[in-house]
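A.B. asks: Show me how the following folds:
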Amino acid sequence: MDETKLKRDLQSVREASRGLALVEDSTVRQVLKTLADALLAEQETMLEANRADLARMDPADPKYDRLLLDPERLQAIANDLLHVASLEAPVGKVLETRTLANGLELEKRGVPMGVVAVV
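C.D. replies: Predicted structure coming up:
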């Protein structure tokens, strides 16, 4: 990949992640649910594209099985998306507080992860 294009792409991801950090929890939940629904609705298209990708690979390649999709794996991905959608958002939540011997107070907080994708 061209290094200049890669730098532009990474900058775009950074900018997008800043905007995503401001998205309402309810919107994130709805997007995850919509992705799960779309994944199952487009299952045949996904499986066909996956078969085409795998046809270019050596089945002995260890990545082959990791990339192999079937209806059960797609259902599991959709279930995982729905599970994440049901979780309480950790962003901004205080996870731990403590005071060091020197009096310094520390707080561990949930922060935005950035961009997460399922491919």
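
A.B. asks: This protein: strands as residue ranges?
C.D. replies: 94-99, 105-109 (DSSP state E).

A.B. asks: got the angle between the longest one and strand 105-109?
C.D. replies: Read that as strand 94-99. Strand 94-99 and strand 105-109 meet at an angle of 170 degrees, taking axes from the mean of the first three to the mean of the last three C-alpha atoms, to 10 degrees as the criterion.

A.B. asks: what's the least confident stretch among the strands of the chain?
C.D. replies: Note on the strands of the chain: strand 105-109 shows the lowest mean pLDDT, a mean of 89.

A.B. asks: What lies in contact with that one?
C.D. replies: 92-100 (C-beta atoms under 8 Å, 6 or more residues apart in numbering). Yep, even glycine has a C-beta here, placed from its N, CA and C like the rest.

A.B. asks: go on, stretch 68-86?
C.D. replies: Residues contacting stretch 68-86 (C-beta under 8 Å, 6+ apart): 28-29, 32-33, 35-37, 39-40, 43, 46-47, 50, 54, 118.

A.B. asks: Which of the residues you listed are buried? Put it as a PyMOL command.
C.D. replies: This is the PyMOL syntax for the buried subset of those, where burial follows 16 or more other C-beta atoms under 10 Å:
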select buried, resi 29+32+33+35+36+39+43+46+50+54
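
A.B. asks: Select, from the contacts of stretch 68-86, the two members most distant in space.
C.D. replies: Spatial extent of the contacts of stretch 68-86 (C-beta to C-beta) is set by the pair Arg29 and Leu54 at 32.6 Å.

A.B. asks: hang on, the earlier thing: could you let me know which of the contacts of strand 105-109 ends up closest to Lys5?
C.D. replies: Nearest member of those to Lys5, counting by C-beta to C-beta, is Gly92, at 34.7 Å.

A.B. asks: Is it possible to get CSV of the strands of the chain that adds mean neighbour count?
C.D. replies: Output for those, formatted as CSV (neighbours: other C-beta atoms under 10 Å):
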stretch, mean neighbour count
strand 94-99, 9
strand 105-109, 10
